[in-house]
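> using only what follows, build the 3D model:
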Amino acid sequence: MNKCIFVGNLTRDPEFTQTGSGVSLCRFSIAVSRSFKREGEPDADFFNIVTWRGLADNCHKYLSKGSKVCVIGSMQNRTYDDREGNKRFTSDVIADEVEFVGSRTATAPTEQSAAPAPKTSSKASINDPLGDPLDGELPF
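So this is what the prediction gives:
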């Protein structure tokens, strides 16, 4: 079984593109805090996230650097040759679901704040009934 669940904050704004046939693709990375830290080790792990179609549209529209999300998906490894011809390996999380965990004002652009929350079959959501534990202060 290949299933993973991560809760973290976007480290940069999402990158949105479309394939040649018009299918939406959105990429972003998240930082996931470690539950404990050993001296000399990083405080967080970083994961590349890939979303497709309607989920990609919503992520592009409503997420930005610092947004808190819960991502459910599967890991995918791939290889490629860099410009110097060296073989590189990378791992991505192919998201099946993205829950927008942060508060609406923290995750949505200002002009979007009066719009209703999107309802999609991809389970994207902006409302957080428990509130943002960071109280609007983002660590990124």
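
> list the strands paired with the helix or strand encompassing residue 75, with their directions.
Assigning secondary structure by DSSP states H and E places residue 75 in strand 68-81. Partner strands for strand 68-81, per DSSP bridges, with pairing direction: strand 4-10 (antiparallel), strand 87-100 (antiparallel).

> show me where this structure has helices.
Along the chain, the segments classed as helices by DSSP state H run 53-62, 104-107.

> return the distance of the strand holding residue 75 from the chain's centre.
Centre-to-centre, strand 68-81 and its host chain are 10 Å apart (CA atoms, centre = their mean, to the nearest Å).

> what comes up buried for it?
Buried residues in strand 68-81, counted by 16 or more other CB atoms under 10 Å: 68-71, 73. Quick note: C-beta positions are derived from backbone N, CA and C, even for glycine.

> any chance of the residues you listed in JSON lines with pLDDT as columns?
JSON lines is the format used below for the buried residues of strand 68-81 (pLDDT from 0 to 100):
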{"residue": "68", "pLDDT": "97"}
{"residue": "69", "pLDDT": "97"}
{"residue": "70", "pLDDT": "97"}
{"residue": "71", "pLDDT": "98"}
{"residue": "73", "pLDDT": "98"}
